[in-house]
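*Asks:* A predicted structure for the sequence below; I have some questions about it.
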Amino acid sequence: METKKIKLTASEDRPHLTYEALSVLHKYDVGLIWMEVYAYVAYIKLMPVEDDVWEKIKDELNSLKGWDSLEEIELFPFEEKNTELKKVLDVIPHGVTLLSRTGDIKYVNDYAAEKIFMTAGKDITGVNIRKYMDYDKLISFFNKKGKNVMAKDTMEIGTQLYQVNLQPIINEENVLSSYLISFYEMDNTSFSRYDNPITFDDIVAESNKMLQVINQGKLYSKSDSPVLITGESGTGKELFARAIHNESRRKSKPFIAINCAAIPDQLLESELFGYEGGTFTGGRKEGKAGIFEIAGGGTVFLDEIGDMAPHLQAKLLRVLQEKKVRRVGGANEVNFDVRLISATNQNIDHMVKNKEFRLDLLFRINIFNINIPPLRERKEDLPILFEHFAGIHSRRYHKYIKGIEQNAMRKLLNYNWPGNVREFQNVLERAAALSTSEEITSKDIMLNYDIVPEEETSGTSLKDCIESLEKRKITESLKVNKSIREAAKNLEVTHTLLINRMKKYNIDRNNL
Ligand SMILES: Nc1ncnc2c1ncn2[C@@H]1O[C@H](COP(=O)(O)OP(=O)(O)OP(=O)(O)O)[C@@H](O)[C@H]1O
């Protein structure tokens, strides 16, 4: 005996139609498991019933006035929809999990069951996700972002790194009903997040200087003009380039980056502009498209453009002016449509003055300029960068790093960060790997160079060092004293001498 699923279709919308049908079931003492009634159709699930009784019930139901047909069905429509949806989710090549508000698993697709929860074949519906991962940490990151907003984070599961997206699901009554978590595999070898679309949300900063630069970037992403990003090595130039692309109208098209300093000239030329078959011994027979062709409709990022050889600068200028590219060894010119973003960590104006970089090319590539300040000029960013990288690296090293001791933070603040955010990231990775407690201590922080106060590092002569120190002392004293006279007294110099020194070092007391 099996449960029965039936569909009753009515020919008219008569009152008591359903009541009459239920009366028949009641007469034969058949229990009802579930039913759903619409204007002309009723779906009913019944308790198991003997075959001969079932035949009688069918006859009586069919003879009721108003009911058109009775069908035995395999699945109710909502079950059919659910099965279809589940099949679709099961073929998606990343992990999908639906959770209740309290973290109970409502649904996992095949990928997540196998690779994330490692429970393939087992039903884990109703089990709390905390059994499998540090869910509270993920949720706390999400809470910081604010409700109803998708949050992203990275997480290592087994030996695989994942980008985890957490999306709140809000029902029709505007109430948070569940969370959808998606897991995307990331490239393990480089520990790079660049395989995923970088947005301005991935640029971690809270200093005014950086927030301004980020706003500038957002604004420029709405335009299609070339952008030149300048800034020291490791300040995040590539990160900005990617964020601009992903916030531009070209975001669904390729972003192709090339480092002009890392490739020999001849190779760079063929990478940029492509080559025709037979041009180079060892080259591809069918030739190769250059990045201006490959990136069709997207963005080309020329990193370290200051290192480009003069003859390539001339060729690039021509290509940009004509919006046409001719492959090396080829005769035909091809139109292209890309946005150009370039970057350099060199002083490009000096290079122009020294005739190392073409002024006309600079005009072409520098319609918009973004200058990313070095980390030492925005140390207000260190605490939030600490939080960001401590999170990433503690997961990587399976540690739970909650914070940082004051002494250790002071050490970070006193350092000059010549390698900028990249160096900061490496120092924190080392600290996370070394740490034996929940707080990073001063001894976990191994800096690449000794700490030298910033001003004392400028210039190499004794005179430069003394002047830097003098300027710093005067600035500090002016900041903490109410008047120049009082500062002079504390510094044990005359009022006149202090005023002369302020003129010499261009110190404006109102701007301190
Ligand atoms: N504000 C930031 N928030 C988060 N990560 C950052 C930030 N700035 C830089 N990074 C990280 O620091 C590293 C270096 O950044 P990126 O490669 O973009 O720098 P760059 O200026 O292009 O360096 P280079 O001049 O050496 O090419 C990357 O791992 C990047 O993700």
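*Replies:* Received, thanks.
*Asks:* could you export stretch 305-316 as CSV, CA atoms only?
*Replies:* Output of stretch 305-316 as CSV, limited to C-alpha atoms (Å, rounded to 0.1, in the frame of the first residue of the first chain):
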residue,chain,number,x,y,z
ILE,A,305,54.6,51.7,-18.5
GLY,A,306,57.6,53.9,-17.6
ASP,A,307,59.8,51.0,-18.4
MET,A,308,58.7,50.8,-22.0
ALA,A,309,61.4,51.1,-24.6
PRO,A,310,61.3,54.4,-26.7
HIS,A,311,60.5,52.7,-30.0
LEU,A,312,57.5,50.9,-28.4
GLN,A,313,56.4,54.1,-26.8
ALA,A,314,56.3,55.6,-30.4
LYS,A,315,54.3,52.6,-31.7
LEU,A,316,51.9,52.6,-28.8
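*Asks:* buried residues in that stretch?
*Replies:* Ile305, Gly306, Asp307, Met308, Leu312, Gln313, Lys315, Leu316 (16 or more other Cβ atoms under 10 Å). C-betas here are computed from N, CA, C, even on glycine.
*Asks:* may I ask which two of these are separated the most?
*Replies:* Gly306 and Lys315 (16.3 Å; Cβ to Cβ).
*Asks:* returning to that earlier point: quick one: the buried residues of stretch 305-316 as CSV, columns for secondary structure too.
*Replies:* What follows is the buried residues of stretch 305-316, written out as CSV (DSSP: H, G, I helix; E, B strand; the rest coil):
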residue, secondary structure
Ile305, helix
Gly306, helix
Asp307, helix
Met308, coil
Leu312, helix
Gln313, helix
Lys315, helix
Leu316, helix
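*Asks:* out of the residues you listed, the closest to Arg358 would be?
*Replies:* Gln313 (5.0 Å).
*Asks:* distance from the chain centre to stretch 50-57, please.
*Replies:* 61 Å (Cα atoms, centre = their mean, to the nearest Å).
*Asks:* give the buried residues for it.
*Replies:* Buried, per 16+ other Cβ under 10 Å, within stretch 50-57: Trp54, Ile57.
*Asks:* likewise for stretch 373-381?
*Replies:* In stretch 373-381, counting by 16+ other Cβ under 10 Å, buried: Pro373, Pro374, Leu375, Arg378, Lys379, Asp381.
*Asks:* before we move on, what about stretch 226-235?
*Replies:* Buried, per 16+ other Cβ under 10 Å, within stretch 226-235: Pro226, Val227, Leu228, Ile229, Thr230, Gly231, Glu232, Gly234, Thr235.
*Asks:* restrict these to those near the ligand?
*Replies:* Gly231, Gly234, Thr235 (Cβ under 6 Å from any ligand atom).
*Asks:* that older thread, which ones among the buried residues of stretch 373-381 are found in helices?
*Replies:* If you go by DSSP state H, those have nothing in helices.
*Asks:* tell me the helix or strand right after the lowest-mean-pLDDT helix or strand in the chain.
*Replies:* Ranked by mean pLDDT, DSSP states H and E, the weakest helix or strand in the chain is helix 454-457, scoring a mean of 48. Using DSSP states H and E, the next helix or strand after helix 454-457 towards the C-terminus is helix 462-480.
*Asks:* pLDDT weak spots in the stretch 101-250 of the chain?
*Replies:* 141-154, 156, 158-161, 186-196 (pLDDT under 70).
*Asks:* name the residues of it found near the ligand, please.
*Replies:* Ile203, Val204, Ala205, Gly231, Ser233, Gly234, Thr235, Gly236, Lys237, Glu238, Leu239.
*Asks:* residue contacts, the residue in the stretch 301-450 of the chain positioned nearest to the ligand?
*Replies:* Ranked by Cβ to the nearest ligand atom, the top residue of the stretch 301-450 of the chain for proximity to the ligand is Val421, at 3.4 Å. Residues in contact with Val421 (Cβ atoms under 8 Å, 6 or more residues apart in numbering) are Gly234, Thr235, Gly236, Leu375, Leu385.
*Asks:* so what are the domain limits for this protein?
*Replies:* 4-74, 80-185, 200-371, 376-444, 456-511 (automatic domain parsing).
*Asks:* returning to what we had before: Serialize the buried residues of stretch 373-381 to TSV and add fields for distance to the ligand and pLDDT.
*Replies:* Listed next are these as TSV, based on distance: Cβ to the nearest ligand atom, whole Å; pLDDT from 0 to 100:
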residue	distance to the ligand	pLDDT
Pro373	11	97
Pro374	10	96
Leu375	8	96
Arg378	9	95
Lys379	13	94
Asp381	7	95
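*Asks:* nearest to Leu478, of these?
*Replies:* Lys379 (20.2 Å).
*Asks:* what sits against the closest one?
*Replies:* Ser207, Leu413.
*Asks:* do you know how far the closest residue to Lys7 other than its chain neighbours is from Ile44?
*Replies:* In this structure, Lys7 finds its nearest non-sequential neighbour in Glu71, 4.6 Å apart by Cβ to Cβ, 6 or more residues apart in numbering. Distance of Glu71 to Ile44, given as Cβ to Cβ, to the nearest Å: 11 Å.
*Asks:* show me whatever sits in contact with both of those two.
*Replies:* Ile6.
*Asks:* of these two, which one has the most company?
*Replies:* Set side by side, Glu71 and Ile44 show more neighbours around Ile44, with 23 against 9, by other Cβ atoms under 10 Å.
*Asks:* hang on, that one packs against Leu8?
*Replies:* Yes: with contact defined as Cβ atoms under 8 Å, Ile44 counts as touching Leu8 (7.0 Å).
*Asks:* anything in contact with each of the two?
*Replies:* Ala21.
*Asks:* please consider this matter closed, and thank you.
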